[in-house]
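Novice: give me a 3D structure for the following:
(chains A and B)
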Amino acid sequence: MPLHRFANPGRFMRLADRLLPWTGGLAVLAIGIGLVLGLFVAPPDYQQGESVRIMYVHVPAAWMALFVYTCIAVASAVSLIWRHPLADLAAKASSPVGAAFTFLALVTGSLWGKPMWGTWWVWDARLTSVLVLFFLYLGHMALMTAFEDPARGRKAAAVLALVGFVNVPIIKFSVDWWNTLHQPSSVLRLDGPSIHPDMLWPLLAMAVGFKLYYVLLLLIRIKSELIEARLRALGRAAMTSAPAPAPVAQ
Amino acid sequence: MVGAALSLAGRDLRLALRQRSDAGTVVLFFVLVASLFPLAIGPAPNVLLRIAPGVIWVTALLAVLLSLERLFLADFEDGSLELLTLAPTPLSLLVLAKCLAHWLTTGLPVILAAPVIAVLYGLEADAFAPLIGAMLLGSPSLSLIGAIGAALTLGARRGGVLVPLLVLPLYVPVLIFGVLAVDAALAGLPARPHLLLLGALLLAALPLAPIAAAAALRQAVE
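Specialist: Residues are numbered from 1 along each chain as shown, chains lettered A, B, ... in the order given. Below you'll find the predicted structure:
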């Protein structure tokens, strides 16, 4: 199992330290390019005007919401099947990030919806299923910390993540299955993207930037989890090996 | 194998029948909460008719949610859950048996009480059959999905608060199609497509939910 080469925390730490500056730098670069292209270079939409620029944050954030949940589900499956120790930590480190991206997608969508649809919120299939996804993230985070034994919390959360994964295809295809207010997909289509390249490039740059930012956060958070675990182990070792405290003179 | 599962379901049923209060409380909760809405919203018949399917479904959802805790908790606390995980019968089959007993003592009484609420809300007679049909197809899914949440939170610090957070998002599809079936009947449209979707949800939950719940139970007794 080649995956187990990375089960060694020391090897993971060395790899993470080497990757961190690169992912950080590239994330800043991609998001910077995406923002400049999206906010200044890309033309305003002929119908939506300038408010189409919200899309350069909204669409990548919504993609990330699904992508991070998929990552959590895969990590949970790996941890349940192969008991891979880092998969647990990856799932734990991912869910707050995914919840933040989902929240960002909901908020930016709402801000865009007010001028365009005339309402902050509609209960259509896409919006409702993303809201459910947000609650699934919150449940995942709550279950993770609900037990005295952190290992039990991580395993329970892994089962929940796999159960909740049924929602991901529902979100992806909700705009095709139900005739809703939310527009259908215009980038990931079988007949090629239906949006103009001037708008596609900033979108893709932002999407790559968001992904790299997620990888960056994931590496940092897994690292800190490992350091915390090591500190706890050191603390326990110090407690058991320390000499009994001298009796205090009355 | 099936015999062991059925005897477990029989045991749960006997336990529930001897402590009659349990199943009775769920129905009482259902009727009580459903009768709060006319008091809060006002007794205008057209408004009540409009909200009736939603109120009945949401209240049924909450009633089932209320009863989920007792699905595994007693067995977890007195240790019989550990014996069940060690039994030669597959644990998922035993979970299915417990879900069956749970549905018979909560889902079924709620369904029997639903026509009463429907009459109180002035629901038309042609909407009764879709309502009962949708609840018959939907409520077993509620027990099955709820079993996952109940199993995951065994031994958790805030189990009672956690179960709704985990289970309610997963109940959303059942709620949507259940209400749509009744709404369609009220609008004179066929309820069949929504009933078929509810049936599909049940057919997916029937084999998959016990597997997930069994995995969660094994972690709980580890």
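Novice: isn't A:L20 up against A:L219?
Specialist: Yes - counting by Cβ atoms under 8 Å, A:L20 does reach A:L219; the two are 5.7 Å apart. Where you see a C-beta, it was placed from the backbone N, CA and C, and this is true even at glycine.
Novice: and the gap between the closest residue in space to B:V31 that isn't next to it in sequence and B:A63?
Specialist: Once flanking residues are discounted, B:V31 sits nearest to B:A113: 5.8 Å by Cβ to Cβ, 6 or more residues apart in numbering or on different chains. Per Cβ to Cβ, to the nearest Å, B:A113 is found 9 Å from B:A63.
Novice: and chain B, which residues reach chain A?
Specialist: B:148, B:152-153, B:155-159, B:162, B:165-166, B:168-170, B:172-173, B:212, B:215-216, B:219-220, B:222 (Cβ under 8 Å from any Cβ of the partner chain).
Novice: what about burial for those, which qualify?
Specialist: B:148, B:152-153, B:155-156, B:159, B:162, B:165-166, B:168-170, B:172-173, B:212, B:215-216, B:219-220 (16 or more other Cβ atoms under 10 Å in any protein chain shown).
Novice: okay, and which of the residues you listed map to helices?
Specialist: B:148, B:152, B:159, B:162, B:165-166, B:168-170, B:172-173, B:212, B:215-216, B:219-220 (DSSP state H).
Novice: give me the lowest-pLDDT entry from those.
Specialist: Lowest pLDDT among those: B:G159, with 69.
Novice: quick one on the thing from earlier: which residues do B:A113 and B:A63 both contact?
Specialist: Common neighbours of B:A113 and B:A63 (criterion: Cβ atoms under 8 Å, 6 or more residues apart in numbering or on different chains): B:27, B:30.
Novice: shaky segments in the chain?
Specialist: Let's take chain A. Chain A contains residues with pLDDT under 70 at A:1-6, A:177-181, A:186-193, A:242-250.
Novice: that answer is for a different chain, and I need it for chain B
Specialist: In the predicted model, chain B carries pLDDT under 70 at residues B:159.
Novice: show me where it has strands.
Specialist: For chain B, no strands turn up when DSSP state E is the criterion.
Novice: all helices of it, in order?
Specialist: So, for chain B - with DSSP H - the helices run B:2-18, B:21-41, B:45-67, B:73-78, B:80-86, B:91-102, B:108-120, B:128-152, B:159-186, B:192-221.
Novice: looking at these, which is buried most?
Specialist: Of all the helices of chain B, helix B:128-152 has the most neighbours on average by mean count of other Cβ atoms under 10 Å in any protein chain shown, namely a mean of 25.
Novice: give the other helices and strands that it contacts.
Specialist: Packing partners of helix B:128-152 (3 or more Cβ pairs under 8 Å, 6 or more residues apart in numbering or on different chains; DSSP states H and E): helix A:150-164, helix B:45-67, helix B:91-102, helix B:108-120, helix B:159-186, helix B:192-221.
Novice: so which of these is nearest B:D126?
Specialist: helix B:159-186 (6.2 Å; Cβ to Cβ).
Novice: out of the helices of chain B, flag the one nearest A:K211.
Specialist: helix B:159-186 (25.5 Å).
Novice: gap between the closest one and the chain center?
Specialist: How far helix B:159-186 lies from its chain's middle: 10 Å, per Cα atoms, centre = their mean, to the nearest Å.
Novice: stretch A:213-221 now?
Specialist: 9 Å.
Novice: buried sites along it?
Specialist: A:213-219, A:221.
Novice: determine which two of the residues you listed are furthest apart.
Specialist: Among the buried residues of stretch A:213-221, A:Y213 and A:R221 lie farthest apart (Cβ to Cβ), at 12.3 Å.
Novice: name the element the most centrally placed residue in chain A belongs to?
Specialist: The residue lying closest to the centre of chain A (Cα atoms, centre = their mean) is A:G98, at 2.9 Å. Per DSSP states H and E: A:G98 is located in helix A:85-117.
Novice: quick one: that helix to helix A:150-164, angle?
Specialist: 50 degrees (axes from the mean of the first three to the mean of the last three Cα atoms, to 10 degrees).
Novice: so after helix A:85-117, what's the next helix or strand?
Specialist: helix A:125-144.
Novice: show me what that following helix is packed against.
Specialist: When contacts are defined as 3+ Cβ pairs under 8 Å, 6+ apart, helix A:125-144 packs onto helix A:55-82, helix A:85-117, helix A:150-164, helix A:167-177, helix B:159-186.
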